[in-house]
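Asks: mind looking at a prediction? Sequence and model below.
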Amino acid sequence: MKSRVSRTIVAGAVSLILLAAALPAHAEWNKGLEAYKKRDWATAVKEFEEVTKTNPDYAGAYYMLGVSQRALGQVSPAIASLRKAVELDGAQSSYKIALGQALLQADQYQNAYELLKPLSISSVDAANRSNYALLFAQAATKTNRESEAISVLNAQAKADPNNARLQQALGAAYNQSGDDAKAFAAFSKAFELNPKDQSSGRNAVRAGIVAARRSNSSSQKGQLYRQPPGSRSVSQTASRPLTTNCSRARRGWEPRTTARLRPGSERPRPNSRATRSSTSTWRSARHRPGS
């Protein structure tokens, strides 16, 4: 499967600097960092493996080894390495988030939920909180806890109001819970924030039509059938073929399972009415190593 490089890799650079400062200078460590920055995952894995041998009690080495292994597609070894990092330093939220990403990638949803649930979002680096919200919501939804997913996404959306991915994920979560009107509002917001993402426009149209058909209020029907404010092109996207059918959507949220998760830091499919494209947020979130 193809890799997707996380936007949070920039935030991860800060962590790399801190890790470098915490570890005595070693040629393997420096080579590993350089390889990681160049996305030369194979070399990074080789160098960080050497660091874990010479510094077996250093959590940061296992963390960097784990995210490099995951980026290389070695999911099971990555989980083992990241578990070791958490075991050695459980206070680092970035280690737990990275492990949670790997567990989601391995379809270990209950384990991911149990790992991420106890984390306080205030303990997560500010630059990584939206990614945490997306990951936790993925785990919660996959374990039939849609209300928890919606709660976390709503809270983070208030703190990060211009994040289209949060709105798209929120739309998918509402769709999963059967609230088409709120799904319509969230997808519409996602499209307004990122008009280039036509999938959000199509999902808004789909959710709006379903909500209107189910509504007993003539005024609400009219509001839902009208174009979302400020989104003239939403109606244009409605004429485009929807990217998936309801039979696939009923399978549930399935994040993209590539191994390209970035340090420190995946996709819901509603069990009805949602489209594959509505879950692209989860795909991207699940594949970004953190800060």
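Replies: Done, it's in. Residues are numbered from 1 along each chain as shown.
Asks: tell me the contacts of residue 200?
Replies: Contacts for residue 200 were tallied using C-beta atoms under 8 Å, 6 or more residues apart in numbering; they are 164, 167-168, 171, 187-188, 190-191, 194, 278. Every residue, glycine included, has its C-beta placed from N, CA and C.
Asks: tell me which two in the residues you listed are the farthest apart.
Replies: 194 and 278 (13.4 Å; C-beta to C-beta).
Asks: the two: who's more crowded?
Replies: Neighbour count, other C-beta atoms under 10 Å: between residue 194 and residue 278, residue 278 has more, with 34 against 18.
Asks: send the alpha carbons of stretch 48-67 over as PDB?
Replies: The C-alpha trace of stretch 48-67 is given here as PDB (Å, rounded to 0.1, in the frame of the first residue of the first chain):
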ATOM      1  CA  PHE A  48      18.100   3.000  15.400                       C
ATOM      2  CA  GLU A  49      18.300  -0.800  16.000                       C
ATOM      3  CA  GLU A  50      22.000  -0.200  16.800                       C
ATOM      4  CA  VAL A  51      21.100   2.500  19.200                       C
ATOM      5  CA  THR A  52      18.700   0.300  21.100                       C
ATOM      6  CA  LYS A  53      21.500  -2.300  21.400                       C
ATOM      7  CA  THR A  54      24.000   0.200  22.900                       C
ATOM      8  CA  ASN A  55      21.300   2.100  24.900                       C
ATOM      9  CA  PRO A  56      18.700  -0.600  25.900                       C
ATOM     10  CA  ASP A  57      17.100   1.600  28.500                       C
ATOM     11  CA  TYR A  58      16.500   4.700  26.300                       C
ATOM     12  CA  ALA A  59      12.800   5.000  25.400                       C
ATOM     13  CA  GLY A  60      13.500   7.600  22.600                       C
ATOM     14  CA  ALA A  61      15.500   5.100  20.600                       C
ATOM     15  CA  TYR A  62      12.700   2.500  20.600                       C
ATOM     16  CA  TYR A  63      10.200   5.300  19.700                       C
ATOM     17  CA  MET A  64      12.200   6.300  16.700                       C
ATOM     18  CA  LEU A  65      12.800   2.700  15.800                       C
ATOM     19  CA  GLY A  66       9.100   2.000  16.000                       C
ATOM     20  CA  VAL A  67       7.900   4.900  13.800                       C
END
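Asks: list the buried ones in that stretch?
Replies: For stretch 48-67, burial by neighbour count (16 or more other C-beta atoms under 10 Å) applies to 48-52, 55, 58-67.
Asks: kindly report the same for stretch 80-100.
Replies: So stretch 80-100, judged by 16+ other C-beta under 10 Å, has buried residues 81-86, 88-89, 92-100.
Asks: name the helix or strand for residue 103, please.
Replies: helix 93-105 (DSSP states H and E).
Asks: let me see the mean pLDDT of that helix.
Replies: Helix 93-105 carries an average pLDDT of 96.
Asks: and after it, which helix or strand comes next?
Replies: Later in the chain than helix 93-105, the nearest helix or strand by DSSP H and E is helix 109-116.
Asks: that next one to helix 93-105, inter-axis angle?
Replies: Counting by axes from the mean of the first three to the mean of the last three C-alpha atoms, to 10 degrees, helix 109-116 lies at 170 degrees to helix 93-105.
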